[in-house]
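S.K.: Quick one, what's the 3D model for this:
(chains A and B)
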Amino acid sequence: MATITLKDIRKSYGSHTVLDGLSLTINHGECFTLLGPSGCGKTVLLRLIAGFETPDAGTIAIGDQVVTDSTTGTDLPPNDRGLGVVFQDYAVWPHMTVFDNIAYPLKLAKVPPKELKERVMEAVNQVNLTDLEQRLPSQLSGGQQQRVALARALVARPPLMLLDEPLNNLDANLREEMRFEIKELQKRLDITILYVTHDQEIGLAISDRLAIMDHHGNIRQIGTPQDIFETPADDFIFRFMGVSNFLRVSYKDNLIRVGEQNADIGIPPPSPGEWMLGCRPSEIDLAKEGPGIGGIVKRASFLGATMDYLVEVDGVPLRVIQDTHQAFDGGKLLQENQPCRIAFHAVHWFKPGADSPASNGETTP
Amino acid sequence: MNTSVSNSPALRKTRSFGAGEVLLVISIAILVIVVVVPVALIFFNAMWVPGKGFNITDIVDVLSEPETYEALTNSIIIACGTTTMSTIVGTFFAWLVTRTDIPYKSFMKMLFLVPFMLPSFIGALAWKMLLNERIGYINNWLRSLYDVIGIADGPVFNIYSFHGIMMVETMYLFPFVFIQVSGALERMDPTLEESARISGASLFTITRKITIPLVLPSILSGALLIMLYSMAHFGTVAVLGVQVGIINIPYLIYQHIHQSAGSFAAIRTGTVLAAVLVVTAAIIMWTQNKILSRGRYQIIGGKSFRPVEVKLRGLRIPLFVFSIAYIGFTIALPTITIFLVGGLKTYGLPLVLENMTWDNYHRALFVNPQTQRAIWNSVSLGLSAAVITMFAGVIISYVIVKMKVRGKGILEFLGMLPFSVPGSVIALGVILAWGGGHTIPFTGIQINLYNTVWIILVAYIARYMALSLRANSAALEQVHDSLIEAARACGAGMAQSLRDVVLPLVRPGMIAAFFLIFLPALRELTVSVMLYGTNTRTIGVEIYVLNEDGATVESAALAGIALLIIISGQVIIERLTGVRAK
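M.R.: Numbers count the residues shown, from 1 in each chain, chains lettered A, B, ... in the order given. Down below sits the predicted model:
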């Protein structure tokens, strides 16, 4: 079993505190993603679990084994933790062939030669590197080197794999292909994967659960990809998960006002007061007239399947994306500098200016 | 509940006191023993008079002697002249081989590195034979030419002069600038120049406004290296200057040590002079660091681009011929002269076949115990120094580049020292540290290495540590931390990952360091000349002494043998590194 339990982890470098009392549990057999902007401490967390760094305080357990405990001074070296790690820069040893790279963990484990060969070839096939095993890394493409790194981490069949932005240096097509392959391998081999990235798209695609971290090393929300996308705990997460619009709104006596005008928004805020309305470009409906809020089209770009508008409401620019066919059919195609009405399919309510979580009634943190 | 988590030093210590701390301590110890103690003793002895305690009157006395003043002025004049000329020559050739369409570029680039192989004092020896005012071969030839065309007393060049010294030093030192500048020109992003070109700037304007400012840090850094080297350089001035009364600080130190038969008063005078050199060197190093830290423009990336080439048109062939002629005149001619004079029956005879003999070479190699011993000393000293310094360099670089241990800052500082301490200073320092019959504190063991090969070995290690540190750190920086961490994650322990990953990857750097030390050590003069005893002459010292004693042909023969060893060593490196590169 490879359930990872982190408790009250604290880590600072000099006067800079990266992680301050962080606790987290990653369940056996899941693909768990740490998602956050660069510099949020997600890589540090991975390195702490791997044993490359020692926390200032806190305990880390992998399965039943406590690998780090600052109270007792326990700190298992990385080589005794039984895990596979894939690094952002591949870290494929340039002086060894593909075969030797992948065989290295098995050699250290003193696996008999015959079995070693079988297992290496199996791993080679798993990552589609068949017939390349006698090459040196310098004769491989970036994507192929990445597969070597993956195979090397897999070959010893560790119950836990740590992946640090492993797809970053690949081109878009390969990245997409590889993320499905990783997911597929994880299911087939029933292993636990901890995946670290700042790319929300990969995070959503690959994970069973994700944790969103902010710049201060705090976890803002943990949940399934659907949870995170549909019911973000706060505006930070909402902003981080894609292009987002925000509009300041006041709610008093059952009236919603945007600036000077009364706004007709189907879903009212949970309570009276000042609010931030958050919505994605696709959640806005644009029309020449009708209910909603008045605005002016500032820019209209035809992108083929979609129309991309920039609409100004009360001096605030909002991005709107509409299906081109729908716009044609409904006679809703708008020109630049044309007045318009906007309505919302869905809205997310946040307390203004605050980093405080959970103002959305639907969110279950 | 976690606020009470103990982070007590004891616990941290049990965790982190391991291989790291041991290596750190070893590294610091090596540098302290080899470099810090000698240099510290120089300053200590310069200012501390036995019985009188701390005073600086002696410093003032030594410094106010006209002899010191003159030597210092000479050192500075020669250093400045050499630096200026080398910078011009080095920058011009660097531009020629990187930015123009001159033919056979890669061959030309190799050609301009050849001067590094030829020790400048052997060069000086050759030029003395060619341009001695009365009997130099070129001057004789010039005179016979004047006779033919009927000029009574045409001008000849006298190599025994400031001009001669600077010219010879320039010939063999300009590659310092050449390497730096051609490297910078190759790494410079050509789009910087192209965008200026698109903006309408002429090639001349681009060179002046874009190219030169961008490579200026490299030019200056190479120039300062030459200045540092020239200030502390013994050989050329000793061969070409002393006869006509031009002496510099290293020669003055040598004189004090040798002519006073190692008396302490003489050594004290030497320490003051050495302190002057150290201070000058420190100023030069400081300036260089300032320039480099300011000038490390990000625009010079690590990638190789293909820059726009200047079309030389009509000048293409003339400049090519000129370059070949330059190398032929400055390198091939002196080298051939050394071999030919080494084969003469007596110095001064015309260079014709009937005056030639193999005797001098034969005697130097198989008969004369002095020269045999010198060759043996140099080879064994060079090998031992190279092996020891290579391994010490790996350990120290590893701690500096790769480890996260407390106290590393001290090591980084100490690691800078070997770069800035001139050879003659190191020599004097090791005399003070190891030659004084000091008693090691608390043990009662007396050490006196004076007049033994060991003192030269210690000095070589100190002198070449900088080269080893540079080569090994460069190699280690190529080994990314993640390569080691990947091995750890695969189940390798610290030692295992060093053996399987780090060592194979830095091996080329270590081999490079070995040869970078072994070859120069073979022909070393500046340090050995201060430290030699009757049985511990090195090749360099033997050549120098033979020449001083007037045994010019024997001296040339030994120099020829030394050159053969160096050239074959160089060929071996090319083979080794060349095969590796493929």
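S.K.: Check the offset of the helix or strand harbouring A:F238 from the chain's centre.
M.R.: Secondary-structure element containing A:F238, defined by DSSP states H and E: helix A:235-240. The chain centre lies 12 Å from the centre of helix A:235-240; the measure is C-alpha atoms, centre = their mean, to the nearest Å.
S.K.: and that helix, what does it pack onto?
M.R.: Judged by 3 or more C-beta pairs under 8 Å, 6 or more residues apart in numbering or on different chains; DSSP states H and E, helix A:235-240 is in contact with strand A:209-213, strand A:219-223, strand A:273-279, strand A:348-350. C-beta here means a position set from N, CA and C on the backbone, and glycine is covered the same way.
S.K.: Is it possible to get a markdown table of these that adds mean pLDDT and mean neighbour count?
M.R.: Shown next, in a markdown table, are the helices and strands packed on helix A:235-240 (pLDDT from 0 to 100; neighbours: other C-beta atoms under 10 Å in any protein chain shown):
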| stretch | mean pLDDT | mean neighbour count |
| --- | --- | --- |
| strand A:209-213 | 93 | 24 |
| strand A:219-223 | 92 | 20 |
| strand A:273-279 | 89 | 19 |
| strand A:348-350 | 87 | 24 |
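S.K.: Output these as CSV; include the columns distance to chain B.
M.R.: As requested, the helices and strands packed on helix A:235-240 are exported to CSV (distance: least, C-beta to the nearest C-beta, whole Å):
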stretch, distance to chain B
strand A:209-213, 19
strand A:219-223, 16
strand A:273-279, 34
strand A:348-350, 31
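S.K.: Kindly reformat these as JSON lines containing distance to B:V545.
M.R.: Below are the helices and strands packed on helix A:235-240 laid out as JSON lines (distance: least, C-beta to C-beta, whole Å):
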{"stretch": "strand A:209-213", "distance to B:V545": "72"}
{"stretch": "strand A:219-223", "distance to B:V545": "77"}
{"stretch": "strand A:273-279", "distance to B:V545": "88"}
{"stretch": "strand A:348-350", "distance to B:V545": "88"}
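S.K.: got the buried residues for the helix holding A:F238?
M.R.: For helix A:235-240, the neighbour count (16 or more other C-beta atoms under 10 Å in any protein chain shown) marks A:D235, A:F236, A:I237, A:F238, A:F240 as buried.
S.K.: Could you do stretch A:59-73 as well?
M.R.: A:T59, A:I60, A:A61, A:I62, A:G63, A:V67, A:T68, A:D69, A:S70, A:G73.
S.K.: Once you drop chain neighbours, what's closest to the residue nearest the centre of chain B?
M.R.: By C-alpha atoms, centre = their mean, chain B has its centre lying nearest to B:Y229, at 6.6 Å. Nearest non-adjacent residue to B:Y229, counting by C-beta to C-beta, 6 or more residues apart in numbering or on different chains: B:L173, 6.2 Å away.
S.K.: All the strands of chain B, residue numbers only.
M.R.: Assigned strands in chain B, in chain order: B:48-49, B:53-54, B:438-439, B:446-447 (criterion: DSSP state E).
S.K.: Where does the stretch 51-200 of chain B get nearest to chain A, which residue?
M.R.: At 20.8 Å from chain A, B:R187 is the closest residue in the stretch 51-200 of chain B, using C-beta to the nearest C-beta.
S.K.: out of the helices and strands packed on helix A:235-240, which comes closest to A:L132?
M.R.: Closest of the helices and strands packed on helix A:235-240 to A:L132 is strand A:209-213, at 33.5 Å (criterion: C-beta to C-beta).
S.K.: Quick check: the gap between the residue nearest to the centre of chain B and chain A.
M.R.: According to C-beta to the nearest C-beta, to the nearest Å, B:Y229 and chain A sit 35 Å apart.
S.K.: Please apply the same query to B:T287.
M.R.: Relative to chain A, and taking C-beta to the nearest C-beta, B:T287 is found at 31 Å.
S.K.: Any stretches of the stretch 201-350 of chain B with poor pLDDT?
M.R.: Scanning the stretch 201-350 of chain B for pLDDT under 70 picks out the ranges B:260-264, B:292-308.
S.K.: mind listing the helices in it by residue range?
M.R.: Per DSSP state H, counting those that start in this stretch, the stretch 201-350 of chain B carries helices over the ranges B:203-206, B:212-231, B:235-240, B:249-259, B:264-295, B:316-327, B:333-342.
S.K.: Can you tell me which of the ones you listed is most buried?
M.R.: Among the helices of the stretch 201-350 of chain B, judged by mean count of other C-beta atoms under 10 Å in any protein chain shown, the one packed with the most neighbours on average is helix B:235-240 (a mean of 27).
S.K.: Who are the packing partners of it?
M.R.: In terms of contacts (3+ C-beta pairs under 8 Å, 6+ apart), helix B:235-240 is packed against helix B:120-131, helix B:162-173, helix B:249-259, helix B:539-548.
S.K.: among those, which is nearest A:N101?
M.R.: Comparing the helices and strands packed on helix B:235-240 by C-beta to C-beta, helix B:162-173 comes nearest, at 45.2 Å.
S.K.: Can I get that closest one in PDB? Just the C-alpha atoms.
M.R.: C-alpha atoms of helix B:162-173 as PDB (Å, rounded to 0.1, in the frame of the first residue of the first chain):
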ATOM      1  CA  PHE B 162      62.300  46.100 -23.200                       C
ATOM      2  CA  HIS B 163      61.000  45.800 -26.700                       C
ATOM      3  CA  GLY B 164      62.500  42.400 -27.100                       C
ATOM      4  CA  ILE B 165      61.100  41.100 -23.800                       C
ATOM      5  CA  MET B 166      57.600  42.500 -24.600                       C
ATOM      6  CA  MET B 167      57.700  41.100 -28.100                       C
ATOM      7  CA  VAL B 168      58.700  37.600 -26.900                       C
ATOM      8  CA  GLU B 169      56.100  37.600 -24.100                       C
ATOM      9  CA  THR B 170      53.400  38.700 -26.600                       C
ATOM     10  CA  MET B 171      54.200  35.900 -29.000                       C
ATOM     11  CA  TYR B 172      53.500  33.200 -26.400                       C
ATOM     12  CA  LEU B 173      50.800  34.900 -24.300                       C
END
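S.K.: Make sure A:Y195 is indeed in a strand.
M.R.: Yes. In this structure, A:Y195 lies within a strand as judged by DSSP: H, G, I helix; E, B strand; the rest coil.
S.K.: and it, how many residues sit next to it?
M.R.: Residues within reach of A:Y195, counting by other C-beta atoms under 10 Å in any protein chain shown, total 28.
S.K.: That one and A:I182, how far apart?
M.R.: Counting by C-beta to C-beta, to the nearest Å, the gap from A:Y195 to A:I182 is 8 Å.
S.K.: With B:L522 instead?
M.R.: Per C-beta to C-beta, B:L522 is found 56 Å from A:I182.
S.K.: List the buried residues for stretch B:108-126?
M.R.: Going by neighbour count (16+ other C-beta under 10 Å), the buried part of stretch B:108-126 is B:108-109, B:111-112, B:114-126.
S.K.: same for the helix or strand A:I321 falls within, what does it pack against?
M.R.: Assigned by DSSP H and E, A:I321 falls within strand A:316-323. In terms of contacts (3+ C-beta pairs under 8 Å, 6+ apart), strand A:316-323 is packed against strand A:245-252, strand A:284-287, strand A:306-313.
S.K.: Mind checking those for the one nearest to chain B?
M.R.: strand A:306-313 (32.4 Å).
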